[in-house]
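Peer 1: My questions concern the predicted model and sequence given below.
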Amino acid sequence: WLPIFTEFRKHQEAKDALRVSAGLLPHATTPFEVFNPGKPGDFGPATMEYYRMSWDAVEGQFLADLDGYDISDEAKGAMQEALICHRHSLFRSVVLTLLPYVEMEFRRAFDVDVGGSAASLKELREIVWKVPAGIVFGHIAPMDLLQILDNHLYEQVKTVQSLERFQKDAIPNRHAAIHGVIQYSSFQNSLNTLIVADYVFFLISQLRKHSSE
């Protein structure tokens with residue numbers, strides 16, 4: 001078991017270093033192979049350089065995964081448009097395009113009627129803990145992304161303290177973005193939104209497949 005635990009610890013250290021040194025979330029496209037435990041601070045800049053120089057391959061991975069998801073054509077189209085926007089450095093457009101479509105797909109999956117609350121994806125976050133682990137944990141960083149859904153993405157920004165907290169974080173907050181409280185226009189803002197949306201679409205797809213089975 002020692003090699004397994006050693007690799008797991010290294011993987012976790014890499015994810016922590018990525019968040020600290022680049023403000024990025026982990027994803028299947030993250031170049032974990034370049035992580036050096038002796039120089040964790042180098043991993044963020046190296047990852048940023050990889051994304052900028054290898055976007056064709058990264059975009060291809062996003063699209064390949066998207067093609068296999070059991071989600072609507074509208075949600076897939078929004079993701080495809082967001083990837084095009086990111087390619088052309090239209091980072092604000094990525095954030096403001098994807099977050100509403102994440103909610104739209106959630107409404108469809110959980111039959112949320114007009115007037116019903118869907119902004120926080122509460123039911124989705126709750127049901128994750130009620131299905132077999134293999135259904136939703138077949139992801140590169142399931143706990144990391146689930147924590148972002150629970151404690152970051154859908155919190156409301158209503159105090160000076162919370163505003164300062166979210167302004168320092170490269171992961172967009174839905175309330176701050178949609179209501180114009182914070183302008184999310186950086187490369188990291190855009191990429192993190194793509195990663196979060198990909199994760200939510202993955203979850204919805206997995207739950208749909210589990211339900212049909």
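Peer 2: Yep, that arrived.

Peer 1: The closest residue to residue 100 other than its chain neighbours: neighbour count?
Peer 2: Nearest residue to residue 100 in three dimensions, chain neighbours excluded: residue 178, at 7.5 Å (CB to CB, 6 or more residues apart in numbering). Bear in mind the C-beta positions are built from the backbone N, C-alpha and C, glycine included. Residues within reach of residue 178, counting by other CB atoms under 10 Å, total 15.

Peer 1: and residue 166, what does it touch?
Peer 2: 155, 157, 173, 176, 182 (CB atoms under 8 Å, 6 or more residues apart in numbering).

Peer 1: Try it again at 7 Å.
Peer 2: 157, 173, 176, 182 (CB atoms under 7 Å, 6 or more residues apart in numbering).

Peer 1: correct me, but the first one touches residue 174?
Peer 2: No - here residue 157 lies out of contact with residue 174, judged by CB atoms under 7 Å, at a distance of 9.6 Å.

Peer 1: neighbour-wise, which of the two wins?
Peer 2: residue 174 (23 against 20).

Peer 1: now residue 210, nearest residue through space, not along the chain?
Peer 2: residue 135 (4.8 Å).

Peer 1: sorry, back to before: isn't the residue nearest to residue 100 right up against residue 99?
Peer 2: Yes - in this structure residue 178 lies within contact range of residue 99 using CB under 7 Å: 6.5 Å.

Peer 1: sorry, back to before: any idea how far the residue nearest to residue 100 lies from residue 20?
Peer 2: 27 Å (CB to CB, to the nearest Å).

Peer 1: just residue 107 next, same as before
Peer 2: 35 Å.

Peer 1: cool, residue 44 as well?
Peer 2: 7 Å.
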